[in-house]
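*Asks:* I need the structure of the sequence given here:
(2 chains)
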Number of protein chains: 2
Amino acid sequence: MSVRTSRAKGAPPAAIAFQGARGAFSEEAARKLLGPGIAVLPCERFEDIFRGVKEGRAAGAMVPIENTLAGSVHENYDHLVNFELPIVAETNVRIVHNLIALKGVPFSGIKRVFSHPVALNQCLDFFARNPRIERIPFYDTAGSVKMIAEEKLTDAAAIASSVAAEIYGARILRRSIEDDRRNFTRFFLLRTPDYARRHPIRVDRRAPWKTSLVFSTRNVPGSLFRALSAFALRDLNLIKIESRPLRGKPWEYLFYLDFLGRADSPNAQNALNHLRELADFLRVLGCYPKGA
Amino acid sequence: MSVRTSRAKGAPPAAIAFQGARGAFSEEAARKLLGPGIAVLPCERFEDIFRGVKEGRAAGAMVPIENTLAGSVHENYDHLVNFELPIVAETNVRIVHNLIALKGVPFSGIKRVFSHPVALNQCLDFFARNPRIERIPFYDTAGSVKMIAEEKLTDAAAIASSVAAEIYGARILRRSIEDDRRNFTRFFLLRTPDYARRHPIRVDRRAPWKTSLVFSTRNVPGSLFRALSAFALRDLNLIKIESRPLRGKPWEYLFYLDFLGRADSPNAQNALNHLRELADFLRVLGCYPKGA
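*Replies:* Next up is the predicted model:
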């Protein structure tokens, strides 16, 4: 499904909001899920993308929720709870760092490389093999490609996604120069309930469904064990669990939990009703087909 | 206890290794736990600090393990498992971003601010209130203070820890300019088992003890529930749990778990023996007094 093609007169704006510059990995995730032709709305802060969807400036938001090296993005879990935008799809993107320069610039001409420090630090083996190349921190991975293109730098390269190379008309000199290839980010696509109803996402009917929820319990011994009994007694398979201390409430915890199954199945409904008895707070964040 | 004072002829080097430049938040954590007089060994990568301790170049390592906004540092959990260095203490540091300039430079003279992009992005309200000030990404928070001091820049400031201001002889112009004060990082102090035996850390006897462990189960429905029964049946209180997919082994998971109590108590020993029956893999990462 392409969001652009689903746009009609009087329909909400069809852009997908994400945090970062054009060509960010979030844009790569949005293209992977919705096709290369989507319209996008780059935003400065995570909060802006939630607000953009809530206030109708965007048709959806593409939100990174966890990374295999860096962990869960707690800030976005907070926004999921506060903005009440349902998750309608997920996708996983491998974070591939490419060395990108202007067309016609050879690898031997590269004297300095710009990128976000996190990306530079994930390519240390490349720099160890090429000690003549200077590392220069920049604000953003994709933004460093943009800057090189605008300034027409012929002795410099950037480290960014392949989408960034394409958007700014640059060329990939070396693909996948990251030290650790086990670097994946999981993204959620969020929509307003109303938009999601009118524009259901096209679904791979063979994919299993996942349900994501957040709940809290008082921290008495065994409270999590009792909460999980709601799923174990019904043979529902958990695929993520994570505790997070509730700030300002010592010994109280928020749990993120994903299970395999549709939230509206009778079995899951029984589990959720059972959990509701045990939890101080429970919110289903969304039910969506498992991402590739 | 100061590591420096515990040094003796023939003893291992007394420096505490950490990732980042002098004045990094990891150095702040090390001072908080071991006193202001400690010797330190700044390293480029997380792996370097584990290797430094393992190979006897450092007396200990100060390792960030989770942040309240950014989540668990999975890479360091991997190193904990691989290097087998026990956790001997923990501490929590509030990440306070300060605006730092050379002595004599007034706030009105600041035209640009250098820092790590993550720090710059955590101070967006400050920049919104001061639109005349340009944000310039730099490699490192503490490193940006060092650069301003070395280059004697009088129109620039950096965003970094108060320890960085002290180390580089600079002055804090504005304290705590971060948008969200709920920004804490939890650090572990690691030592070799031999060093930890010979130099036991001074302990607050009133602090409860925590035990951290890692285990894996096959993902059959209820396997985590059964694993947690080992603790629930013995009234042991869990204070952290987190699942992480095992790469290359679909549907198998690693769990990080902390519980309140000493690993060598009879109750905990029974729980660990019970968990050993149920888990494919189990490693106790350490047992230490709960940090402030």
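*Asks:* A:Arg262 touches A:Gly286, doesn't it?
*Replies:* No: between A:Arg262 and A:Gly286 there is no contact under Cβ atoms under 8 Å: 11.2 Å. Using the backbone N, CA and C atoms, a C-beta is placed for each residue, glycine as well.
*Asks:* Please identify which residue in the stretch 51-200 of chain A comes closest to chain B.
*Replies:* Of all residues in the stretch 51-200 of chain A, A:Gly71 sits closest to chain B, at 2.8 Å by Cβ to the nearest Cβ.
*Asks:* Now A:Ile110. Nearest residue, chain neighbours left out?
*Replies:* A:Ala157 (4.8 Å; Cβ to Cβ, 6 or more residues apart in numbering or on different chains).
*Asks:* so what does the helix or strand containing the one you found touch, helix or strand wise?
*Replies:* Using DSSP states H and E, A:Ala157 falls within strand A:156-160. Under the contact criterion of 3 or more Cβ pairs under 8 Å, 6 or more residues apart in numbering or on different chains; DSSP states H and E, strand A:156-160 touches strand A:98-101, strand A:112-115, helix A:117-121, helix A:141-151.
*Asks:* looking at chain A, which helix or strand is least sure?
*Replies:* Every helix and strand of chain A was ranked by mean pLDDT, DSSP states H and E. The lowest is helix A:193-198, at a mean of 82.
*Asks:* from the middle of its chain, how far away would it be?
*Replies:* 21 Å (Cα atoms, centre = their mean, to the nearest Å).
*Asks:* centre of the chain versus the next helix or strand after that helix, how much separation?
*Replies:* The element immediately downstream of helix A:193-198 (helix or strand, assigned by DSSP H and E) is strand A:209-218. From the chain centre to the centre of strand A:209-218 is a distance of 18 Å (Cα atoms, centre = their mean).
*Asks:* Contacts for the least confident helix or strand of chain A, please.
*Replies:* A:12, A:59-60, A:86, A:88 (Cβ atoms under 8 Å, 6 or more residues apart in numbering or on different chains).
*Asks:* Buried ones in that helix, by neighbour count?
*Replies:* Neighbour-count burial for helix A:193-198, counted by 16 or more other Cβ atoms under 10 Å in any protein chain shown, picks out A:195-196.
*Asks:* now do stretch A:46-61
*Replies:* A:46-54, A:57-61.
*Asks:* Enumerate the residues of the stretch 1-150 of chain A near chain B.
*Replies:* By Cβ under 8 Å from any Cβ of the partner chain, the residues of the stretch 1-150 of chain A that approach chain B are A:44-45, A:66, A:68-75, A:116-118, A:120-121, A:124, A:135, A:137-140.
*Asks:* hang on, the earlier thing: in space, what's closest to the residue of the stretch 51-200 of chain A closest to chain B - neighbours in sequence excluded?
*Replies:* Closest to A:Gly71 by Cβ to Cβ, 6+ apart is B:Gly71, at 2.8 Å.
*Asks:* if we can go back for a sec, look up phi and psi at the residue of the stretch 51-200 of chain A closest to chain B.
*Replies:* Main-chain dihedrals, A:Gly71, degrees, to the nearest 10: phi 90, psi -170.
*Asks:* wait, doesn't it sit right on B:Leu69?
*Replies:* No: look at A:Gly71 against B:Leu69 with Cβ under 8 Å: they stay out of range, at 10.4 Å.
*Asks:* ok, those two, which is more surrounded?
*Replies:* Applying other Cβ atoms under 10 Å in any protein chain shown to A:Gly71 and B:Leu69 shows that A:Gly71 carries more neighbours, namely 21 against 17.
*Asks:* and the more buried one, what pLDDT?
*Replies:* Looking at A:Gly71, its pLDDT reads 82.
*Asks:* The closest residue to A:Trp209 other than its chain neighbours: which element?
*Replies:* Once flanking residues are discounted, A:Trp209 sits nearest to A:Arg262: 4.6 Å by Cβ to Cβ, 6+ apart. Assigned by DSSP H and E, A:Arg262 falls within no helix or strand.
*Asks:* Compute the distance between A:Arg262 and A:Arg206, please.
*Replies:* Between A:Arg262 and A:Arg206 the computed distance is 14 Å (Cβ to Cβ, to the nearest Å).
*Asks:* higher neighbour count, the two?
*Replies:* The neighbour count for A:Arg262 versus A:Arg206, taken as other Cβ under 10 Å, is higher for A:Arg262 (16 against 6).
*Asks:* low pLDDT regions in chain A?
*Replies:* A:1-13, A:219, A:247-251 (pLDDT under 70).
*Asks:* report the longest helix in it, please.
*Replies:* When chain A is parsed with DSSP state H, its longest helix is helix A:266-278.
*Asks:* Which other helices and strands does that helix contact?
*Replies:* strand A:209-218, helix A:223-232, strand A:281-289.
*Asks:* who's in contact with the residue of the stretch 51-200 of chain A closest to chain B?
*Replies:* Counting by Cβ under 8 Å, 6+ apart, A:Gly71 has contacts B:66, B:70-74.
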